[in-house]
Structure formats: C-alpha cells, structure tokens
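Engineer: Structure for this input, please:
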Amino acid sequence: MRVWLAVFRDALAEAWDRRAFQVLSAFALLFTLACFSIAFHVRTAADVLEERARELDQLTLRMGSSTSSSHGGGSFELSAASAVRAGDGLPPELEGGHWIEVRFLAPADLDTMVQSWQRHEQQRAARRLFVDEEEQDPEPLPPVGAPERRSFLEQRFRAFGYDHVHVAEQGERDGGPVYRVAVRSARDEEVEGGHAVSLLFGLWEFPTGEFSAAEMMVMFQTGLANTFAGFIGLLVALLVSAGFLPSLLQKGTLDLMLARPIGRSRLLLYKYSGGIGFVFLFGLLLFGGTWLAFAVRTDFASLGYLACILTLVFGFAVLYAVAVPVAVLTRSGTLSALAAVGVWGAGSAVATTRQVLDMTVGEGPSGLRQVLDAVYTVLPKVSDLGDLNAWMVSRGLLSEQAWELRFSHQVPEVDWVFSLGTTALFALGMLGLGVWQFRRRDY
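Structural biologist: This next block holds a predicted model:
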C-alpha cells in the first residue's frame with residue numbers, strides 16, 4: 001500500500017508539473033460557479049396553461065434534432081384559464097389545478113388535428129425503431145369519433161407535463177364544439193414552460209419555452225457530463241497521463257523503481273492506477289461541485305448525475321489501457337496518446353456508421369455489415385458512455401411518466417451487458433499485453 005501511495009503521489013506530482021491538474025481544476029471550479037448562477041422561478045399557472053393550450057396544433061418530434069409541424073393554425077379559440085374550485089364538479093385530484101375552455105371553429109378542424117396527432121405518433125414510433133416511414137405504407141388511421149377527440153385533448157395536455165387531465169365536452173357554440181380541459185400537475189417542474197430560468201445570478205432570464213425545468217436540468221447536466229467531462233476533460237487527461245509511463249521507463253527512474261522490493265507487474269499496474277486516480281479526483285471535483293450547486297440553487301439533486309463520475313473514470317481507464325503497451329514499446333508519451341485517441345475515434349466512427357446504416361439502408365450490404373459488427377465487437381465502445389450518462393441523468397431527474405412521454409425516445413436502446421462487458425475485456429486485454437511486454441523487455 002505504501003508503494004502504491006508513493007506511485008500515486010508521483011502521478012499527481014507529474015500532473016501538477018504539467019499544469020494539467022491546475023487547468024482542469026480551474027475549469028471545474030468555473031463550471032461550479034456558473035452552475036451556482038442558475039436558478040428557476042415558477043411562472044403563474046394560469047398563464048402557463050393558456051400558453052400551452054395555444055400550442056395544441058404544434059406537433060414536435062423530440063428525436064435529438066427536432067422537427068416541428070403546424071396543423072390547422074387559427075382553428076380554435078381559448079377562454080381565460082380559471083382555478084379549479086370545489087363546486088366545479090371536477091374530480092378531487094384536480095383541486096389546486098386550473099381549467100380552460102377550447103372552442104374549435106368547426107368540427108372538421110378538430111378532426112384534422114386528431115388525425116395529425118395520430119400520424120405524428122406513428123412517425124415517432126417509426127423513428128424510435130429506426131424505420132423509414134417514407135418507404136413504409138402508412139397504417140390506416142381509425143375513424144375520428146367522440147372518444148378519439150377526448151383522447152387527443154387528454155394526450156396533448158399530458159404531453160405538456162400535466163399528470164392529471166380531465167376533458168369534458170360542453171356542447172357547441174357558434175357551430176363549433178367546445179371542450180373544458182382541467183389540469184393539475186403534482187410536479188410543477190415537469191410542466192412545459194412552467195418556469196423561467198435565470199442565468200448569471202439574474203442578469204439574463206427567459207421562460208423555458210417548450211421544455212420543462214426538469215428537462216432543462218437534464219440538458220445542463222448531460223452537456224456537462226458528455227461535452228466537457230466526457231470529451232474535453234477526457235482528452236486533456238489522456239494527453240497528460242500518456243506521459244506518466246514513458247517517464248517511469250527512463251533509464252535512471254526505472255533503475256531506482258526496480259531496486260525496490262516490487263515486481264514489474266505490480267509497478268506497472270500501480271502507475272496505471274495512479275493515472276486513474278488523477279482522473280477520479282478531477283471527476284469528483286467537477287461533478288461533486290456542480291451537483292452541490294444544482295442542489296442548492298435549483299433543488300435538483302440526483303445520484304444519477306454523480307454516477308457520471310464512474311463513467312468518466314471507466315472511459316479513461318479503457319483508453320489509458322491502450323496507451324500502456326504503446327508506452328512500453330516506444331517510451332513515447334506522444335505515440336501513447338495518439339494510439340489511445342485513435343482507438344477512441346475508430347470505435348466512435350464504427351458505432352456511428354452502424355447507426356447510419358440502420359437509419360438509412362437498413363442492414364446494408366451483408367459483407368460490410370459483418371465487418372462492421374466484428375470491428376464493433378472488438379473495439380471499445382466509449383461513445384456508448386454518453387448514452388449511459390443521458391439515461392442515468394434523465395431517469396434520476398424525471399418521473400416515470402415524464403420520462404416515457406418526453407425523453408425515452410431520445411435515449412438509444414443499448415445492450416449494456418454486451419457494450420460494457422466487451423469494452424472492459426478490451427481494456428483488460430490491452431493492459432495484459434502491456435504487462436507481458438514490460439516483464440519480457442530488458443531495460
């Protein structure tokens with residue numbers, strides 16, 4: 001243990017000398033301060049309901065790059081939103097909520113919106129399964145009747161984030177059907193546009209628009225985990241840590257280390273773990289600080305976000321394992337870093353190519369598909385860790401209903417046992433190769 005601590009302190013000292021730890025720590029503190037400047041303010045519930053109701057005919061497919069379409073604009077009128085009272089004859093779970101009347105100018109206008117919504121749901125299901133709906137014969141839509149109209153209104157308001165929705169037909173007025181829609185949400189943070197987000201300690205404030213406060217927080221946290229920590233931080237850590245092993249293999253340093261009562265395998269593994277410890281400290285500083293900032297300023301505190309520390313360390317451990325045998329062979333930190341980054345890029349490119357084939361030409365040519373599958377199986381799947389971060393963060397911040405309605409189709413389905421298992425085996429294989437080379441070489 002004393003030897004490991006000595007090697008670990010040596011790794012931290014190298015990171016400090018290369019100014020890497022100071023730079024990453026400064027960025028982590030800067031992001032923590034920026035997160036402390038974020039706050040959410042609840043907007044008036046009646047205003048939010050009226051604003052959402054005006055979006056009834058706006059259908060959005062949230063599939064990473066969203067596409068929106070409008071149907072029948074100006075085909076309905078709204079009353080002012082009113083608070084639900086005891087004598088309104090509404091279910092008790094709606095007490096504390098609000099209701100609004102929607103009058104459609106003609107029955108055909110409502111039926112057109114219902115059919116547009118049904119087609120929208122078919123398209124979303126097709127995209128969820130990576131099916132090209134333009135090449136598929138669309139399924140016939142069911143006839144529009146009273147149940148379908150009420151179901152459409154209920155689903156639309158549930159999609160806005162209201163978990164309690166009651167729709168009642170009020171007859172006709174001026175030739176158009178009138179519906180009273182009463183809503184209430186047990187979690188105001190999941191209502192679209194229900195909050196205003198304040199940045200830079202109130203210098204800039206704007207409504208969350210088509211997103212809820214919880215979704216905005218998912219985007220903030222996922223962006224930090226995947227863009228800053230999972231890409232920039234990981235890249236900097238690799239470039240710095242790749243020089244740890246070559247510095248150990250220098251003539252004077254290696255002779256001194258081998259003079260200690262420690263085997264070569266343990267020495268190399270200790271040095272490898274020292275680099276991992278350096279990244280763990282960086283992850284703890286970044287994710288721990290920003291998590292505390294979010295918890296204090298926004299009341300959004302999720303263990304799923306803290307778990308991103310583990311994915312960062314795992315991703316680094318896999319790529320750092322690639323640098324080990326290259327460092328043993330070449331004693332070059334530059335080549336070690338290039339090898340790790342190259343394997344990272346190759347794995348991401350293969351994974352992206354397979355996804356593009358799935359979404360465009362299906363299986364693709366059988367020979368190409370077999371080669372891609374084989375390479376994908378062998379190479380580490382570090383890019384999948386971004387999807388895992390998104391899944392952990394969103395599941396930790398959103399309720400089951402909100403996640404299913406508004407976020408589940410944004411997180412790809414991944415066989416995590418296969419992905420993480422084969423990635424870990426690749427890392428163990430590269431690390432074992434490095435240890436074997438180190439034991440055999442005569443320095």
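Engineer: which stretches of the protein have low pLDDT?
Structural biologist: When residues are selected by pLDDT under 70, those of the chain lie in 1-4, 6-8, 11-12, 14-18, 20, 60-74, 124-142, 248-262, 359-366, 442-443.
Engineer: make it 80
Structural biologist: 1-21, 23, 59-74, 87-88, 120-143, 243-264, 356-369, 406, 408-410, 441-443 (pLDDT under 80).
Engineer: Show me the helices in the stretch 201-350 of the chain, by range?
Structural biologist: If DSSP state H, counting those that start in this stretch is used as the criterion, the helices of the stretch 201-350 of the chain fall at 213-223, 234-241, 244-248, 251-258, 264-298, 303-306, 308-330, 333-360.
Engineer: Check the stretch 51-200 of the chain too.
Structural biologist: According to DSSP H, counting those that start in this stretch, the helices that the stretch 51-200 of the chain contains are 107-128, 146-159.
Engineer: How many neighbouring residues does residue 441 have?
Structural biologist: 11 (other Cβ atoms under 10 Å). Where C-beta positions appear, they are placed from N, C-alpha and C, glycine not excepted.
Engineer: actually residue 109, sorry about that
Structural biologist: Every residue meeting other Cβ under 10 Å relative to residue 109 is counted, giving 18.
Engineer: how close does it get to residue 87?
Structural biologist: Taking Cβ to Cβ, to the nearest Å as the measure, residue 109 and residue 87 are separated by 32 Å.
Engineer: wait, doesn't residue 109 sit right on residue 76?
Structural biologist: Yes: A contact is recorded between residue 109 and residue 76 when judged using Cβ atoms under 8 Å, the distance being 6.8 Å.
Engineer: Identify the contacts common to those two.
Structural biologist: Applying Cβ atoms under 8 Å, 6 or more residues apart in numbering, one finds that residue 109 and residue 76 are jointly contacted by residue 176.
Engineer: which residues sit against stretch 324-333?
Structural biologist: With Cβ under 8 Å, 6+ apart as the test, stretch 324-333 has contacts from 242-247, 249-250, 268, 272, 335-336, 339-340, 430-431, 433-435, 437-438, 441.
Engineer: Look up the closest residue to residue 155, ignoring the ones flanking it.
Structural biologist: Distance criterion Cβ to Cβ, 6 or more residues apart in numbering; nearest residue to residue 155, sequence neighbours excluded, is residue 117 at 7.1 Å.
Engineer: From residue 58, how far out is that neighbour?
Structural biologist: Taking Cβ to Cβ as the criterion, residue 117 is separated from residue 58 by 11 Å.
Engineer: Tell me which of the two has more neighbours.
Structural biologist: Using other Cβ under 10 Å as the criterion, residue 117 and residue 58 rank with residue 117 on top: 21 against 14.
Engineer: pretty sure residue 222 is touching residue 393, no?
Structural biologist: Yes: under the criterion of Cβ under 8 Å, residue 222 lies in contact with residue 393, with a separation of 5.2 Å.
Engineer: and these two? which has more neighbours close in?
Structural biologist: Taking other Cβ under 10 Å, residue 222 and residue 393 do not tie; residue 393 has more neighbours (28 against 24).
Engineer: buried subset of the contacts of stretch 324-333?
Structural biologist: With neighbours counted using 16 or more other Cβ atoms under 10 Å, the contacts of stretch 324-333 contain these buried positions: 242-247, 249, 268, 272, 335-336, 339-340, 430-431, 433-435, 437-438.
Engineer: Please report how far residue 102 lies from residue 109.
Structural biologist: For residue 102, the distance to residue 109 - Cβ to Cβ - is 11 Å.
Engineer: swap that for residue 121, sorry
Structural biologist: As defined by Cβ to Cβ, residue 121 lies at a distance of 19 Å from residue 109.
Engineer: what about residue 263, how many neighbours?
Structural biologist: Using other Cβ under 10 Å as the criterion, the residues surrounding residue 263 number 12.
Engineer: Would you mind measuring from it to residue 441?
Structural biologist: Noted for residue 263: a distance of 14 Å to residue 441, by Cβ to Cβ.
Engineer: ditto for residue 277
Structural biologist: Using Cβ to Cβ, one obtains 25 Å as the distance from residue 277 to residue 441.
Engineer: Residue 226 now?
Structural biologist: Distance of residue 226 to residue 441, computed by Cβ to Cβ: 38 Å.
Engineer: Same question for residue 179.
Structural biologist: Using Cβ to Cβ, residue 179 is found at 79 Å from residue 441.
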